[in-house]
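Peer 1: This is a predicted model, with the sequence first.
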Amino acid sequence: MGVYLKKQINEHTFLGIWEINDTIESLYNQLTLNSEEQKLYNNFRTNQRRLHWLSYRVLIKQILNNEINSIGYDENGKPFLNNSSYHISVTHSGKFSALIYSKNPVGIDIEHIRPKIIPIRDKFMSDHEFEQVDKMYTTEQLFIYWGAKEALYKLYGSRNIVFKENILIEAFPYKQKDLIRGKITTADFQKEYTLHYEYIEDYSLVYVVG
């Protein structure tokens, strides 16, 4: 299918989702990788990882109308566009890859919703957060909590952060699409953010613009 969703969030922020039904060859042939990117690509161990990686690069070309810079990664593994002042965040799960691109710091997460998240919820949620979950929609809401924390983690851009302790999400009712509030709190940083979430088929999508 290719581009599943492409939209402009504000004057300087763009979001895209790619539905992956391509072959590796068809995606690869749409790109010109530099030596560093080619080395990274060659080191991927699975075809699924190659598909995800190639698809969001092709998606960037679609959003930027083929004016794509090469993508680098900082010491924390956060992607950035070389020779550009814009920020970028990428995500992939199952049949989708997605990205958000902005003049401001951003974070995004997409996840295939599956019940296996319930036994591990205490690894990323506080007890207070879990008490606020609508028990009729436990699995669905847990993925929004996870996605919100993952998006804020990507925006923050440092590995020295614990989801359960440093990223807290305010309680929210179950809806198909809404805005929620989250906060990052560390020894030397504290800030609140508004995040957008929605469900797309059996996937959760959360993104934040700083």
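Peer 2: That came through, no problem.

Peer 1: can we go C-alpha only for contacts and neighbour counts from here?
Peer 2: OK.

Peer 1: Buried ones in stretch 23-39, by neighbour count?
Peer 2: Neighbour counts over stretch 23-39 (16 or more other Cα atoms under 10 Å) mark 24, 27-28, 33 as buried.

Peer 1: er, stretch 5-14 I mean
Peer 2: Buried, per 16+ other Cα under 10 Å, within stretch 5-14: 6, 13-14.

Peer 1: Over to stretch 38-55?
Peer 2: For stretch 38-55, by 16+ other Cα under 10 Å, it's 50-55.

Peer 1: What of stretch 154-165?
Peer 2: Using 16+ other Cα under 10 Å as the test for burial, stretch 154-165 gives 154-157, 163-164.

Peer 1: Quick check: end-to-end length of it?
Peer 2: Across stretch 154-165, the terminal residues are separated by 16 Å (Cα to Cα, to the nearest Å).

Peer 1: Check what contacts it and list those residues.
Peer 2: Applying Cα atoms under 8 Å, 6 or more residues apart in numbering, the external contacts of stretch 154-165 come out as 76, 78, 89, 105-108, 122-126, 149, 153, 186, 208, 210.

Peer 1: where in this protein is pLDDT low?
Peer 2: Flagging of the chain using pLDDT under 70 yields the residue ranges 1, 65-69.

Peer 1: Show me the domain layout of it.
Peer 2: 2-104, 110-200 (automatic domain parsing).

Peer 1: follow-up on the earlier one: and the contacts of stretch 154-165, which of them are buried?
Peer 2: The buried subset of the contacts of stretch 154-165 (16+ other Cα under 10 Å) comprises 78, 89, 105-108, 124-126, 149, 153, 208, 210.

Peer 1: Show me the helices in this structure, by range?
Peer 2: Counting by DSSP state H, the chain has helices at residues 24-28, 35-42, 47-63, 127-131, 138-156, 163-166.
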